[in-house]
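Asks: pasting the structure only:
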DNA sequence: GTCTATAGAAGGATAGAC
DNA sequence: GTCTATCCTTCTATAGAC
């Protein structure tokens, strides 16, 4: 199905997704959305009433999209080393295809606490925890260390995408391609994390 | 010196910094800046001509501030394990005091390539590389692995701050305080990274 | 359902008095 | 230097013809 065949509401929704994902609520313009969709401004209001309602529809869809990918992976039942590799392969290739998505979510939930609530409400904590804990490398791991490990994994996968412009700029001065760099991280990051997990077990934290 | 004594230009600049850091260029309002500074809109234009010029002055100052902190720490001449601890202590306590700064920089350089150039131009790559390489744990580390290690360190320190709203929300459902969590990371992250470095040395990457 | 034209609100910028 | 009043542009939103 090409763009011409699509019904108008879909064309508008897709155009709005592009505009909002790129510029955020504050930077997006209804005129730009109309232009991208190849229709006029009045039609936007005919289908979605207000900019805010249109934005909400887009945010909801994108939050769902990002979240589904995360949760699904953590729930997998496999050993930690396999899970890590699978996570980075799946998750980062997803983010490569949607490079603006994490920045969009972060920007908007930071701007508007209501959106934060909307986003958090999608998370099913029980599934994630049980899925991870089942295959955790060390059964004696202190409770909070689990949270630290999770945040570390997410930091290592999401930040290189969120900070793409800066990292790309820095790498280019050393003649390294950003895309190649991200490709390498599919191997590097699981290796890094797995090494950290093993290393931490061998060399327990000195008490504070 | 309290706010009343300050000369007007400084009051405006400080108020603009708050407004821009919080809302970004697109979301900031000149009226809000005037209100925060306790003066009227006309004065903003008297001192800074346009919103864009005022924004540029603020961006320049904040980019410098963030960058100085980063660069200075990497240049330190000390062994890797001490450097890591020092980095996280210094860097994260700085970010705790300026929690909106990294989001601001990321949001704005993503929005406007000119700002990205401005930001990148501040970086002195030679100082950073020489300062890090001098105390790198493994002299035989492949070239790109150095870049991967650096990005990993920055990811682990910056992301938990950038994603504060989401992380805070998730932790609160498990009755963990965000501030306490960040405090713990001052110990956890250097330990995590140090363990990874040691672990990777012992367990070399299997060739792709 | 789709368009043109325009109303109406918001926000950046300026004129001019003091 | 600082203020009030106001202009002008930009943008969201609606009216009304087809």
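Replies: Now that the structure is in, tell me what you want to look at. The structure displayed is predicted, hence computed values, not measured ones.

Asks: give me the number of residues near residue A:190?
Replies: With neighbours defined by other Cβ atoms under 10 Å in any protein chain shown, the count for residue A:190 comes to 23. Quick note: C-beta positions are derived from backbone N, CA and C, even for glycine.

Asks: Now that it has come up, it's in contact with residue A:80, right?
Replies: No. The criterion here is Cβ atoms under 8 Å, and residue A:190 misses it with residue A:80 at 9.7 Å.

Asks: Overlap in contacts, the two.
Replies: The contact sets of residue A:190 and residue A:80 do not overlap (Cβ atoms under 8 Å, 6 or more residues apart in numbering or on different chains).

Asks: number of nearby residues for the nearest residue to residue A:87 once chain neighbours are set aside?
Replies: Take residue A:87 and drop its neighbours on the chain: the residue closest to it by Cβ to Cβ, 6 or more residues apart in numbering or on different chains is residue A:73, 5.0 Å away. When neighbours are counted by other Cβ under 10 Å, residue A:73 registers 18.

Asks: Quick one: residues contacting residue A:73.
Replies: Residue A:73 neighbours (Cβ under 8 Å, 6+ apart): A:83, A:86, A:87, A:90, A:91.

Asks: Let me know the next secondary structure element after the helix or strand of chain A with the lowest mean pLDDT.
Replies: Least confident helix or strand of chain A, by mean pLDDT, DSSP states H and E, is helix A:125-133 with a mean of 66. Where DSSP states H and E defines the elements, the next helix or strand beyond helix A:125-133 is helix A:143-162.

Asks: tell me what that next one is packed against?
Replies: helix A:80-97, helix A:101-111, helix A:125-133, helix A:178-202, helix B:143-162, helix B:178-202 (3 or more Cβ pairs under 8 Å, 6 or more residues apart in numbering or on different chains; DSSP states H and E).

Asks: which outside residues touch stretch A:168-184?
Replies: Defining contact as Cβ under 8 Å, 6+ apart, one finds that stretch A:168-184 is touched by A:92, A:96, A:160-161, A:164, A:167, B:116-117, B:120, B:123, B:125, B:144, B:147-148.

Asks: Filter the residues you listed down to the buried ones.
Replies: Taking 16 or more other Cβ atoms under 10 Å in any protein chain shown as the criterion, what is buried in these is A:92, A:160, A:161, A:164, A:167, B:116, B:120, B:123, B:147, B:148.

Asks: Tell me the residues on chain A that lie near DNA strand D, please.
Replies: Listed as neighbours of DNA strand D in chain A under the rule Cβ under 7 Å from any atom of the strand: A:28, A:29, A:30, A:31, A:41, A:42, A:45, A:49, A:50, A:51, A:52.

Asks: burial measure for the fifth one, as a count.
Replies: So the one you mean is residue A:41. 13.

Asks: Would you mind measuring from it to residue A:48?
Replies: 11 Å (Cβ to Cβ, to the nearest Å).

Asks: Also residue A:181?
Replies: 39 Å.

Asks: In chain A, where is pLDDT below threshold?
Replies: Applying pLDDT under 70 to chain A flags the ranges A:1-5, A:127-143, A:206-208.

Asks: Need the buried ones from the contacts of residue A:73 selected in PyMOL.
Replies: Applying 16+ other Cβ under 10 Å to the contacts of residue A:73, the buried members can be selected in PyMOL as follows:
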select buried, chain A and resi 83+87+91
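
Asks: For the contacts of residue A:73, could you give me TSV that also reports distance to DNA strand C?
Replies: Below are those laid out as TSV (distance: Cβ to the nearest atom of the strand, whole Å):
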residue	distance to DNA strand C
A:83	46
A:86	43
A:87	42
A:90	38
A:91	37
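
Asks: could I get the contacts of residue A:73 as JSON lines with distance to residue B:106?
Replies: As requested, those are exported to JSON lines (distance: Cβ to Cβ, whole Å):
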{"residue": "A:83", "distance to residue B:106": "29"}
{"residue": "A:86", "distance to residue B:106": "28"}
{"residue": "A:87", "distance to residue B:106": "23"}
{"residue": "A:90", "distance to residue B:106": "24"}
{"residue": "A:91", "distance to residue B:106": "20"}
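
Asks: got a list of what the spatially most central residue of chain A touches?
Replies: By Cα atoms, centre = their mean, the mean C-alpha position of chain A lies nearest to residue A:102, the distance being 4.1 Å. By Cβ under 8 Å, 6+ apart, the residues touching residue A:102 are A:66, A:95, A:158, A:161, A:162.
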